[in-house]
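In: need a 3D model of the sequence below.
(one chain, ligands or ions: 1)
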Amino acid sequence: MTTGKKNRKADLSERKEYHTESSGVFFKTKKLLYRQSSPYQNIEVINNEYFGRVLLLDDLVQTTERDEFFYHEMLAFPALVTHSSPQDILVIGGGDGGVLKEILRNPVRYACLVEIDSQVIEVSRKYFPWLSPSLKDERAELVIADGREFIEGIEKKFDIVFVDSSDPVGPSAYLHEEEFFLKLKKCLKPEGIVVAQAGSPFYHLESIKEKNSYLKKLFKVVCFYISPVPTYPGGSWCYVFLSDEVQPLDIKRDPPAGLNYFNLDIHRAAFSLPNFLKEKLD
Ligand code: SAM
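Out: Numbering: from 1, shown residues only. Model (predicted):
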């Protein structure tokens, strides 16, 4: 994730993700495990002594072995515990399988994952085997397609739609636009919820503000929430919870046992926002 500026070229021993022209994070590469270009993006997997395996797309960190649970649990569970019976789930993006893994811990009937880049799925199967078993769960269907085209053609309705997109550049740009959210709304059953990742509360404040103002025109409930993600810019990350009927603090179900980060106290706290962010959302 980045503010959108293209990363400088990294040599093989170091991977840098620039968050501004003059700051960012770096990973020492113990071993380069994979490096290929797909039709959509450059895909790399490195091994870092502290974070273990790190997946990068176009030089931007997507997930790491050590801290993936923060993001994947916090994307998945706020909606899963507030919907009274989540059965039919759609994920747009998320080809690493991490959010699908969390969804399938629940007794859902069907989860459809729509990923544009089949190479991300293959890489995850090979290098992130702890995430990817979800990809062959019998309740899961994998569709290799652009999320934009997929939702234009679909008649099926879903209880929850998760948008696990990359940054708003390239094929992911549309997944951050108002028109896309309007189309997602049409895919929802009554009591439906959409949850999307929304960027860094520190680096992407203006885009969060803009998103909030158009989303408020589309949904009655627009609630941003926050969690730490150590390897994302600024160390904390925003998500947005959207619905016409469900309030995020009206908890209906307990989460499954065995999670690393999410619990119901974390859930309630995550919707309490810092003043600098609240001011932008008023
Ligand atoms: N958790 C990550 C983050 O916020 O850094 C996002 C991870 S996930 C790997 C993002 C995925 O979205 C990528 O695999 C990318 O190929 C996929 N993607 C990008 N644009 C897409 C589109 N238009 N339709 C479907 N998938 C898309």
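In: which residues does Lys28 bridge with?
Out: Residues in a beta bridge with Lys28, per DSSP bridges, are Glu14.
In: strands of the chain, start to end?
Out: With DSSP state E as the definition, the chain shows strands at residue ranges 14-20, 23-28, 31-37, 42-48, 52-57, 60-64, 88-93, 110-115, 140-144, 158-164, 188-199, 221-228, 236-243.
In: the third one pairs with which strands, and in what direction?
Out: Which is strand 31-37. Here, using DSSP bridges, strand 31-37 pairs with strand 42-48 (antiparallel).
In: next, format the strands of the chain as JSON lines and append mean neighbour count, mean pLDDT and distance to Gly258.
Out: Backbone N, C-alpha and C define where each C-beta goes, glycine included. Formatted as JSON lines, the strands of the chain follow (neighbours: other CB atoms under 10 Å; pLDDT from 0 to 100; distance: least, CB to CB, whole Å):
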{"stretch": "strand 14-20", "mean neighbour count": "17", "mean pLDDT": "82", "distance to Gly258": "30"}
{"stretch": "strand 23-28", "mean neighbour count": "15", "mean pLDDT": "85", "distance to Gly258": "28"}
{"stretch": "strand 31-37", "mean neighbour count": "13", "mean pLDDT": "96", "distance to Gly258": "28"}
{"stretch": "strand 42-48", "mean neighbour count": "20", "mean pLDDT": "96", "distance to Gly258": "26"}
{"stretch": "strand 52-57", "mean neighbour count": "22", "mean pLDDT": "96", "distance to Gly258": "20"}
{"stretch": "strand 60-64", "mean neighbour count": "24", "mean pLDDT": "95", "distance to Gly258": "19"}
{"stretch": "strand 88-93", "mean neighbour count": "25", "mean pLDDT": "98", "distance to Gly258": "20"}
{"stretch": "strand 110-115", "mean neighbour count": "22", "mean pLDDT": "98", "distance to Gly258": "19"}
{"stretch": "strand 140-144", "mean neighbour count": "16", "mean pLDDT": "97", "distance to Gly258": "19"}
{"stretch": "strand 158-164", "mean neighbour count": "25", "mean pLDDT": "98", "distance to Gly258": "20"}
{"stretch": "strand 188-199", "mean neighbour count": "21", "mean pLDDT": "97", "distance to Gly258": "21"}
{"stretch": "strand 221-228", "mean neighbour count": "19", "mean pLDDT": "98", "distance to Gly258": "18"}
{"stretch": "strand 236-243", "mean neighbour count": "22", "mean pLDDT": "98", "distance to Gly258": "21"}
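In: output those as CSV; include the columns distance to the ligand.
Out: Shown next, in CSV, are the strands of the chain (distance: least, CB to the nearest ligand atom, whole Å):
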stretch, distance to the ligand
strand 14-20, 10
strand 23-28, 13
strand 31-37, 13
strand 42-48, 9
strand 52-57, 6
strand 60-64, 4
strand 88-93, 3
strand 110-115, 5
strand 140-144, 9
strand 158-164, 5
strand 188-199, 5
strand 221-228, 12
strand 236-243, 8
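In: dump the ones you listed into CSV; add distance to Phe180 as well.
Out: Listed next are the strands of the chain as CSV, based on distance: least, CB to CB, whole Å:
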stretch, distance to Phe180
strand 14-20, 25
strand 23-28, 28
strand 31-37, 26
strand 42-48, 24
strand 52-57, 19
strand 60-64, 20
strand 88-93, 9
strand 110-115, 12
strand 140-144, 17
strand 158-164, 8
strand 188-199, 9
strand 221-228, 15
strand 236-243, 12
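In: quick check: phi and psi on the closest residue to Asp244 other than its chain neighbours?
Out: The shortest distance from Asp244 to any non-neighbouring residue, by CB to CB, 6 or more residues apart in numbering, is to Lys220 (4.7 Å). Note on Lys220: backbone dihedrals following degrees, to the nearest 10 are phi -70, psi -40.
In: next up, the contacts around Lys220.
Out: Residues in contact with Lys220 (CB atoms under 8 Å, 6 or more residues apart in numbering) are Ser243, Asp244, Glu245.
In: against Leu80, how distant is it?
Out: Distance, Lys220 to Leu80, by CB to CB, to the nearest Å: 20 Å.
In: right, and the ligand sits closest to which residue of the stretch 101-250 of the chain?
Out: Here the residue of the stretch 101-250 of the chain nearest the ligand is Gly147; by CB to the nearest ligand atom that distance is 3.3 Å.
In: much appreciated, bye for now.
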